[in-house]
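Visitor: Sequence unavailable; structure follows:
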């Protein structure tokens, strides 16, 4: 099962029809997938399921309909135990970005955090999880697959948001401020903090 978010609403890719019993489900074909995404985008449905019998192939088949963009990012903690947040599009988010040709997922995560926040001396601790969401670019839907890593840094220099990426603020946040920031964040970001 894969949980893909469309405007914060779940589109669940599943190989089990039993999971879809009380909800609308769609078969895995171009028209049905577009229909499911449109219904969620317009908030006509609160959740939708895409059914395909083979779990191993479901994501690849889905990506033939909705092209995938791979990205990576970090949940960065400093020496004080505070977590690095960015503010863009009127929401608190975490630094992440698109994979460049020839780079590893880990290299991408570190590069994107550095570019978007100015933070250096990053060390990947471990892989956290992969999140999925649908976005629209040039009138076409795309699937963003983001690989998240826990990172540590001893950096205590100036934070600088990447303006070309629309980042207005970069902040270190302790537990209370994290909780507040997550009230105005994305569901995939909340999931990284166990919400």
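Guide: Looks like it came in fine. For clarity, every value in this text was computed on a predicted model and none was experimentally measured. Numbers count the residues shown, from 1 in each chain.
Visitor: Quickly list what residue 75 is bridged to.
Guide: Beta bridges link residue 75 to residue 150, judged by DSSP bridges.
Visitor: So it sits against residue 126, correct?
Guide: No - taking contacts as Cβ atoms under 8 Å, residue 75 lies outside contact range of residue 126: 10.3 Å. For every residue, glycine as well, the C-beta is placed using N, CA and C.
Visitor: what touches both of these two?
Guide: Counting by Cβ atoms under 8 Å, 6 or more residues apart in numbering, the common neighbours of residue 75 and residue 126 are 149-150.
Visitor: Looking at these two, which has the bigger crowd around it?
Guide: residue 75 (20 against 7; other Cβ atoms under 10 Å).
Visitor: which residues touch the nearest residue in space to residue 28 that is not next to it in sequence?
Guide: Beyond its immediate neighbours in the sequence, the residue positioned closest to residue 28 (Cβ to Cβ, 6 or more residues apart in numbering) is residue 52, lying 4.1 Å away. Residues near residue 52 by Cβ under 8 Å, 6+ apart: 13-15, 27-28, 58, 61-62.
Visitor: for the chain, what spans make up the helices?
Guide: 30-41, 55-65, 105-117, 175-182, 187-192 (DSSP state H).
Visitor: Which among those helices is found nearest to residue 144?
Guide: Among those, the nearest to residue 144 by Cβ to Cβ is helix 187-192 (9.2 Å).
Visitor: Does anything pack onto the closest one? Which helices or strands?
Guide: strand 122-137 (3 or more Cβ pairs under 8 Å, 6 or more residues apart in numbering; DSSP states H and E).
Visitor: helices or strands next to the helix or strand of the chain with the lowest mean pLDDT in the packing?
Guide: In the chain, no helix or strand scores lower on mean pLDDT, DSSP states H and E than strand 25-27, which sits at a mean of 88. Counting contacts by 3+ Cβ pairs under 8 Å, 6+ apart, strand 25-27 is packed against helix 30-41, strand 48-51.
Visitor: which other residues reach the longest one?
Guide: By Cβ under 8 Å, 6+ apart, the residues outside helix 30-41 that reach it are 6-7, 9, 11, 24, 26, 44-45, 47-48, 50, 62, 65-66, 134, 141.
Visitor: I'm done for today, thanks for sticking with me.
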